[in-house]
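Chemist: predicted structure and sequence below. I'll ask about it afterward.
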Amino acid sequence: MSLTSHRASKIPPMKTCIIYCCLAAALFAADRPNIIVLVADDQRRDQANFLPEGRGHNLTPHMDRLAAEGVVLSELYSPSPVCVPSRFVTLTGLYSSRAQNRWMQDLRRMHGHTFVHQEPNVIPSTPTIAHDLKRLGYTTGAVGKNHVIEAPGYEKVDARLPLSDPAVVARLEQNQVACTEAYHQAGFDFAQRIYHTNPRVIGPPEVQVHNLDWVNEAALQFIEENADKPFFLYYGFTTPHAPHNGYLSDPKATPIGILEERPQGLPPRETIKTRLAEAGFDRAEGDMLWIDDCVGSLFDTLESHGVLDNTIIIYFSDHGVESGKTTCYQGGMRTFGFVWGPEHLVVGGREETGRISLVDLAPTIFDYAGGIAVEGRYDGMSMKNAFTHRSPIPERTIYGEIGHTRAVIKGDWKYIALRYSDYHQNLPMAERLAWLESANEYQRGNQWQTFEGNDPAGPFGHSGYIPDLWDHERKSMRAAPHFFDADQLYNLSEDPNEQRNLAADPAYAAVLAELRRELAQKLQAVPGPFGEFKLRQDPEPLWEERIQIGRTLMLDVFH
């Protein structure tokens, strides 16, 4: 499969409205571009050939070409760098703290401030880019990893149950129905081949695998069925997130059980090892080649249906994973991607080094589709002019939020505020033990290593629920010498790895004060109090009520 030459030829969101551009020329189907959003899961910078960190280390010819012809986003930022909230931001154009699902509301009451981790779910009342585009006449589709849209009726299947049990397979199939119905409620006309969460949490070991062939087959079907109208496709890869070397697994294994026939549309998986060996690569690079095969198949299908010249492809990794995932450090917030399109839509062949946030993608897509949003619908800003006309990206403050931390980046400077909730600060030993046991039961249910070695009296991380830290937070703590400092100030131009905290240095008092003001201003526009920056207005629940909320949440967090 190859690419043929192409270039040669503030206000609460529920109370806002959207004004749609009705200029006839802009609303003709032929002039409204198709838009495909591709989200890689936990892709590292050294897994991208179009970045200096990864150049020459991967076999990804299709993505290499699209990135070379498009706009490389080397300074893309994920406001909440972990799987669920990064997808919430992408699908809504809103910060994750705006999520209104019950889980988030309970966490606010328990902690006393908005706690963003894996809980900001899209519910039917949540504004999404899919809803917005449908109102503009777009057909909307979704395939692949969900991990953000709440799916009532979904029930986790214990990995210790046998796949040979018909009841287990029936439950897997019912879970798929629950997922697709949730996507319809979120504004998607087409929803197929959904992984509700990571493959390792789906059920018995036989189905704890990636299957990009299965997912990609549905993506091609969507394009083929809707090539005659403007369409939007949200495509969530489950790779290169663990388990690694997914292309070596059973090609018939899926979240609904074992198929009778292998899915079609991609080069046979057996050729991945051969192509890697011929190019001098190890099998570990196979996950990226597998994704690249998917990208190539999409490109070829668009071209064969005559819609390539009117399609924009946006590709990115959901967040950083270089010792920063689940924190506001650069290793978590700083990610990357590219935007590709025909020359009248994307002026490519360049790198965009201005800072862009994932919260900007939805308003950018909406702008490309011909819509004009009133202030308040999106927290981000459209980057269409930057992509289409090379307009400079305005200097602005990048905001981050996760767990007990908030961050702002302005110019060369970054400020992180760590403010533990009194729930975590004062949690009795009995509750610490209860959280650990809930986590361990979750691990056992997935047949994973438990947290038996964690110290129940140990510190909480920036965003973890269990004492003595999560695995990702251990990596962050080892990489960040000031991990537990309440106030952290870094000069990113001189200290990109955030090793020297300047917050206590009198020479930088003015810079610290300015960034603290920036943070306070950002917090005024999103729900929930946070430390001294935004004081609590509603009555504080009784401690006994907060303990009970925690006990209930243990069953939801580890589900």
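Modeler: In hand now; what should we look at?

Chemist: how about the secondary structure of F336?
Modeler: With DSSP: H, G, I helix; E, B strand; the rest coil as the basis, F336 sits in strand.

Chemist: would you agree it is in contact with L73?
Modeler: Yes: counting by CB atoms under 8 Å, F336 touches L73, with 6.0 Å between them. C-betas here are computed from N, CA, C, even on glycine.

Chemist: which neighbours do these two share?
Modeler: Taking CB atoms under 8 Å, 6 or more residues apart in numbering as the criterion, F336 and L73 both touch F316.

Chemist: so, low pLDDT: which residues of the stretch 1-150 of the chain?
Modeler: Applying pLDDT under 70 to the stretch 1-150 of the chain picks out residues 1-30.

Chemist: can you give me the strands in it?
Modeler: With DSSP state E, counting those that start in this stretch as the criterion, the stretch 1-150 of the chain has strands at 18-20, 34-41, 71-77, 139-145.

Chemist: could you do the stretch 201-350 of the chain as well?
Modeler: 231-240, 253-254, 257-258, 311-317, 334-340, 350-352.

Chemist: now those in CSV, with mean pLDDT, mean neighbour count and distance to A40?
Modeler: Listed next are the strands of the stretch 201-350 of the chain as CSV, based on pLDDT from 0 to 100; neighbours: other CB atoms under 10 Å; distance: least, CB to CB, whole Å:
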stretch, mean pLDDT, mean neighbour count, distance to A40
strand 231-240, 98, 26, 5
strand 253-254, 98, 22, 20
strand 257-258, 98, 16, 26
strand 311-317, 98, 24, 5
strand 334-340, 98, 25, 8
strand 350-352, 96, 15, 18
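
Chemist: and for E278, the neighbour number?
Modeler: Applying other CB atoms under 10 Å, we find 10 other residues in the vicinity of E278.

Chemist: hang on, I meant A520
Modeler: When neighbours are defined as other CB under 10 Å, A520 has 17 of them.

Chemist: element containing it?
Modeler: Per DSSP states H and E: A520 is located in helix 509-524.

Chemist: picking up where we left off before, quick one: which of the strands of the stretch 201-350 of the chain is nearest R517?
Modeler: Ranking the strands of the stretch 201-350 of the chain by their distance to R517 (criterion: CB to CB) puts strand 334-340 first, at 23.4 Å.

Chemist: just checking: what are the partner strands of the closest one?
Modeler: strand 71-77 (antiparallel), strand 311-317 (antiparallel) (DSSP bridges).

Chemist: want to throw the ones you listed into JSON lines with distance to P251?
Modeler: Shown next, in JSON lines, are the strands paired with strand 334-340 (distance: least, CB to CB, whole Å):
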{"stretch": "strand 71-77", "distance to P251": "32"}
{"stretch": "strand 311-317", "distance to P251": "24"}
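
Chemist: those: which one's closest to Y423?
Modeler: strand 71-77 (28.6 Å).

Chemist: sorry, back to before: so which of the strands of the stretch 201-350 of the chain comes closest to A277?
Modeler: Minimum separation from A277 across the strands of the stretch 201-350 of the chain (CB to CB) falls at strand 231-240, 19.2 Å.

Chemist: tell me the helices and strands packed up against the closest one.
Modeler: strand 34-41, helix 129-135, strand 139-145, helix 212-226, helix 286-304 (3 or more CB pairs under 8 Å, 6 or more residues apart in numbering; DSSP states H and E).

Chemist: closest to W470 out of those?
Modeler: Taking the helices and strands packed on strand 231-240 one by one with CB to CB, strand 34-41 is closest: 17.4 Å.

Chemist: picking up where we left off before, residues in contact with the helix holding A520: which ones?
Modeler: So helix 509-524 is contacted by 397, 399, 406-408, 410, 413-415, 417, 487, 489, 502-503, 530, 533-534 (CB under 8 Å, 6+ apart).

Chemist: hmm, which of those residues are the buried ones?
Modeler: Buried members of these, counted by 16 or more other CB atoms under 10 Å: 399, 406-408, 410, 413-415, 417, 487, 489, 502-503, 530, 533-534.

Chemist: that older thread, flag every buried residue along the helix holding A520.
Modeler: 511-512, 514-516, 518-520, 522-523.

Chemist: a markdown table for these, including distance to L298 and pLDDT?
Modeler: Formatted as a markdown table, those follow (distance: CB to CB, whole Å; pLDDT from 0 to 100):
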| residue | distance to L298 | pLDDT |
| --- | --- | --- |
| V511 | 45 | 98 |
| L512 | 47 | 98 |
| E514 | 45 | 98 |
| L515 | 41 | 98 |
| R516 | 45 | 98 |
| E518 | 40 | 98 |
| L519 | 40 | 98 |
| A520 | 44 | 98 |
| K522 | 37 | 97 |
| L523 | 40 | 97 |
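
Chemist: and which of those residues is nearest to G370?
Modeler: Nearest to G370 among the buried residues of helix 509-524, counting by CB to CB, is K522 at 29.9 Å.

Chemist: any idea how far P363 is from that closest one?
Modeler: Look at K522 and P363: by CB to CB, to the nearest Å, they are 17 Å apart.

Chemist: same question for G453.
Modeler: On the measure of CB to CB, G453 and P363 end up 45 Å apart.

Chemist: more neighbours, the two?
Modeler: Neighbour totals were compared for G453 and P363, and P363 leads with 22 against 7 (other CB under 10 Å).

Chemist: adding distance to P120, write the strands of the stretch 201-350 of the chain out as JSON lines.
Modeler: Compiled in JSON lines, the strands of the stretch 201-350 of the chain are given as follows (distance: least, CB to CB, whole Å):
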{"stretch": "strand 231-240", "distance to P120": "16"}
{"stretch": "strand 253-254", "distance to P120": "27"}
{"stretch": "strand 257-258", "distance to P120": "30"}
{"stretch": "strand 311-317", "distance to P120": "18"}
{"stretch": "strand 334-340", "distance to P120": "18"}
{"stretch": "strand 350-352", "distance to P120": "27"}
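
Chemist: which one of those lies closest to M104?
Modeler: Short answer: strand 231-240, nearest of the strands of the stretch 201-350 of the chain by CB to CB, at 21.0 Å.

Chemist: strands paired with the closest one, and their directions?
Modeler: In the sheet, strand 231-240 lines up against strand 34-41 (parallel), strand 139-145 (parallel) (DSSP bridges).

Chemist: what residues does the last one touch?
Modeler: Residues from elsewhere that reach strand 139-145, judged by CB under 8 Å, 6+ apart: 39, 41, 130, 133-134, 183, 187-195, 197-198, 215-216, 218-219, 222, 226, 229-238.
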